[in-house]
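Turn this into a structure:
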Amino acid sequence: MARISLTFPAIFPAIIVISLALLLVSSPVTGGRHDYGDALRKCILFFEGQRSGKLPADQRAGWRGDSALHDGATAGVDLTGGYYDAGDNVKFGFPMAFTTTLLSWSIIDFGKNMGPELRNAVKAVRWATDYLLKATAKPDVVYVQVGDAYSDHSCWERPEDMDTLRTVYRVDATHPGSDVAGETAAALAAASIVFRSRDPAYSRLLLHRAVRVFNFADQHRGAYSGSLFRAVCPFYCDVNGYQDELLWGAAWLHKASNMREYREYIVKNEVVLRAGDTINEFGWDNKHAGINVLISKEVLMGKAEYFESFKQNADGFICSLLPGISHPQVQYSPGGLIFKAGGSNMQHVTSLSFLLLAYSNYLSHSNKVVPCGERSASPALLKQLAKRQVDYILGDNPLQMSYMVGYSARFPQRIHHRASSLPSVVTHPAHIGCKAGSKYYLSQNPNPNLLVGAVVGGPNISDAFPDARPFFQESEPTTYINAPLVGLLAYFSAHP
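So this is what the prediction gives:
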């Protein structure tokens, strides 16, 4: 275990020191150092199991087949491709765009640590951006969803067999969606950095589209859950508001283009768009902590004093996560896992841990620490906190099981995932209808197809985990759980 460096004054409460020590060293270990490189490979492979559309010749998840080959046809557009967000067969644009942004950020900050897996990570980004380019091909229109979620969720069937409604949903000037459009702009801008040297022409296309989509999001303000309530709620309803996505999109455009107008937009709208709100949240619906960490890098590099308030917010975010002094909305399980109320807790674990690691790197390069009142936390501590979460996911937990499918000897066997739980088209080519799949959903048998690399929603606040499909909040994987984990695993594969 790496040495922990934490600076405390003499009056620092002993309980906080004890809390940190217990969290970092007292949990059960399943067999020594983890193979982070193997976990990284599997984490990226997961995205191939989530692919929609015509699969490429080098598809490695061989039990999957082509699916949803006519998506968009009812609206006269081509919306094939992209990713299924989780264990169902709907393509939700909001979480897909966030997944793309976080995959890109993982590559931007930690691609140098990915070794041979960098190529596969870049492919995973491009599978998403090719789709997002289709979804934004028309000016002032963003296609944000394919598939009727109610129709889809009433069936348990393979994506290759889908006969549910593939309704197309869009936002436009009269039906705004600044949240999903702002996130889509962020995704395209972040990906343009990934492809800047790898494919300059593609990178320019992504950046140009990002600018156009951001302008649409900013000029036609409103939440997409107001425009498309029945389609997107309660599945990916925007509870937090669209303001953070506008700042988030501007922040990524600033980073990708270095154009003054985005810097000025951020400074001008910091208060109006509430950059300091809910600083300990980061996920597909709430970008506040991510905005502050991303922008703070420039401050820590001594390049942007006008962004100083964002660094102060980022410092506050870090302090809110420290065990023993954490914010009431952030808890730790007895086994040491970050826990936030709501479904699919691992999305919080991986996204917040990613920010801890990214910020620790920015601090290290500037020789800074995080001030938390009368005490301060070092970059080494932040790295160790992030590593502790990754190790928990991989098996250092009270149940001594990995929450990544296919990693270690013990992992979830009955994940809430249609394609994984039903016989594959390879072994069972005959059609399996909407209700015919129910017996597989209710079966106690392990899933026949290993969705290698899938990280499930995870255990509850007591570290208990029901390995059963009906418990979807615990047993369903999502793309936005894995996306930030790619960066974490890349770093720890090079710095175990």
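
Please make it C-alpha for all contacts and neighbour counts, starting now.
OK.

Helices along the stretch 351-496 of the chain, start to end?
379-394, 418-421, 438-442, 472-475, 479-494 (DSSP state H, counting those that start in this stretch).

Low-confidence stretches in the stretch 201-350 of the chain?
Within the stretch 201-350 of the chain, the ranges that satisfy pLDDT under 70 run 275-276, 278-279, 325-327.

would you list every one of the strands in it?
Using DSSP state E, counting those that start in this stretch, the strands of the stretch 201-350 of the chain run over residues 331-332, 338-339.

Figure out how far the first one is from the centre of its chain.
Using C-alpha atoms, centre = their mean, to the nearest Å, we find the averaged C-alpha position of strand 331-332 to lie 20 Å away from the chain's own average C-alpha position.

coming back round to it: now the helices of the stretch 351-496 of the chain as CSV including mean pLDDT, mean neighbour count and distance to residue 240?
Converted to CSV, these look like this (pLDDT from 0 to 100; neighbours: other C-alpha atoms under 10 Å; distance: least, C-alpha to C-alpha, whole Å):
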stretch, mean pLDDT, mean neighbour count, distance to residue 240
helix 379-394, 98, 23, 25
helix 418-421, 98, 26, 29
helix 438-442, 96, 16, 33
helix 472-475, 97, 23, 20
helix 479-494, 98, 26, 17
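
wait, which of those helices is closest to residue 287?
Proximity to residue 287, assessed across those by C-alpha to C-alpha, is greatest for helix 479-494 (13.1 Å).

between that closest one and helix 379-394, how many degrees?
120 degrees (axes from the mean of the first three to the mean of the last three C-alpha atoms, to 10 degrees).

My guess is residue 466 contacts residue 474. True?
Yes - assessed by C-alpha atoms under 8 Å, residue 466 is found in contact with residue 474 at 7.2 Å.

between those two, what contacts are shared?
By the contact definition C-alpha atoms under 8 Å, 6 or more residues apart in numbering, residue 466 and residue 474 are jointly contacted by residue 459.

Could you report the neighbour count for residue 115?
The tally of other residues near residue 115 (other C-alpha atoms under 10 Å) stands at 12.

now residue 173, nearest residue through space, not along the chain?
Nearest residue to residue 173, sequence neighbours excluded (C-alpha to C-alpha, 6 or more residues apart in numbering): residue 220, at 5.8 Å.

which residues touch the one you found?
173-174, 176-178.

And it, how far from residue 133?
According to C-alpha to C-alpha, to the nearest Å, residue 220 stands 20 Å off from residue 133.

follow-up on the earlier one: could you dump the helices of the stretch 351-496 of the chain into a markdown table with distance to residue 294 added?
As requested, the helices of the stretch 351-496 of the chain are exported to a markdown table (distance: least, C-alpha to C-alpha, whole Å):
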| stretch | distance to residue 294 |
| --- | --- |
| helix 379-394 | 16 |
| helix 418-421 | 36 |
| helix 438-442 | 41 |
| helix 472-475 | 29 |
| helix 479-494 | 14 |
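
Looking at these, which is nearest to residue 249?
helix 479-494 (17.6 Å).

what packs against the closest one?
Here helix 479-494 touches helix 36-49, helix 93-110, helix 346-366, helix 379-394, going by 3 or more C-alpha pairs under 8 Å, 6 or more residues apart in numbering; DSSP states H and E.

and whichever helix or strand comes after the second one, what other elements does it pack with?
Put plainly, it is helix 93-110. Tracing the chain past helix 93-110, the next element assigned as helix or strand by DSSP states H and E is helix 118-135. Using 3+ C-alpha pairs under 8 Å, 6+ apart, the elements in contact with helix 118-135 are helix 36-49, helix 93-110, strand 141-146, helix 178-194, helix 200-219.

Fine by me, thanks again.
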